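*Asks:* Let's see this in three dimensions:
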Amino acid sequence: MEKANVISELCDNLMCGERDKGEALLTKHYPFYGLEYANRSYSKLQMLNIFIRDGFIDRYSAQKLIFPPVLRILSETYPNQFPYHPNWKMNECHPAYWDLSPTIDHIVPIVKGGENNSENLVSTSMLRNSAKSNFTLEELGWKLYEPGKLSEWDGMIHWFMEYVENHQELLTISNIKQWYMTVQKVNGYS
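*Replies:* The predicted model follows:
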């Protein structure tokens, strides 16, 4: 039943003094899901493993994603043309941070019964993650794309490692250093 029609019928039930019918209608066709927000944070290693598994592809759009510290290096190099903001304020940071930077998302939101495990996690852009929020793919009319192949697109992770190895001064930037050390753990760069 269309959501607007549920509300319309609910109001009709109220007008006719049939409050109980309204409760049943809501329970069946437009139930309330209490949103339980748990502070879920993931280590850089957990995130990187998902990004690599998904081949640095946005699983909701099939678009290529860029390893996050690559963007940060660009901001350090071109601060006026590629600005960075620590809280990613849209009017103060380059749109690439929203369009191309990967994050992880629950395919089936936790609040709708999804599990907090790697099978329910995918790579997506910050923009799509924000747009998806607590909706299911079906509610948005989205689909899940196949993971990419790391051999075809690696999110520029190899470029990042080579560039940082040749520009060690970048390791004074905490975020870049953390990602660099994380890649070393995953790929055995020691």
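*Asks:* how near is the nearest residue to Asn49 once chain neighbours are set aside to Lys132?
*Replies:* Using C-beta to C-beta, 6 or more residues apart in numbering and skipping residues adjacent in sequence, the residue nearest Asn49 is Val186, 6.8 Å away. Every residue, glycine included, has its C-beta placed from N, CA and C. Per C-beta to C-beta, to the nearest Å, Val186 is found 26 Å from Lys132.
*Asks:* Tell me which of those two has more neighbours.
*Replies:* Lys132 (19 against 14; other C-beta atoms under 10 Å).
*Asks:* Pull up the gap between Thr103 and Gly148, please.
*Replies:* Taking C-beta to C-beta, one finds Thr103 at 16 Å from Gly148.
*Asks:* got the domain boundaries for this protein?
*Replies:* 1-32, 44-187 (automatic domain parsing).
*Asks:* Single out the most deeply packed of these.
*Replies:* domain 44-187 (a mean of 16; mean count of other C-beta atoms under 10 Å).
*Asks:* what's the average pLDDT for it?
*Replies:* Taken as a whole, domain 44-187 has an average pLDDT of 95.
*Asks:* hmm, back to that, tell me who's in contact with the residue nearest to Asn49.
*Replies:* By C-beta atoms under 8 Å, 6 or more residues apart in numbering, Val186 lies in contact with 45, 48-49, 52.
*Asks:* and of the residues you listed, the nearest to Asn116?
*Replies:* Ranked by distance to Asn116 (C-beta to C-beta), the contacts of Val186 are led by Asn49 at 14.8 Å.
*Asks:* Is the closest one in a helix, a strand, or coil?
*Replies:* Classification of Asn49 using DSSP: H, G, I helix; E, B strand; the rest coil returns helix.
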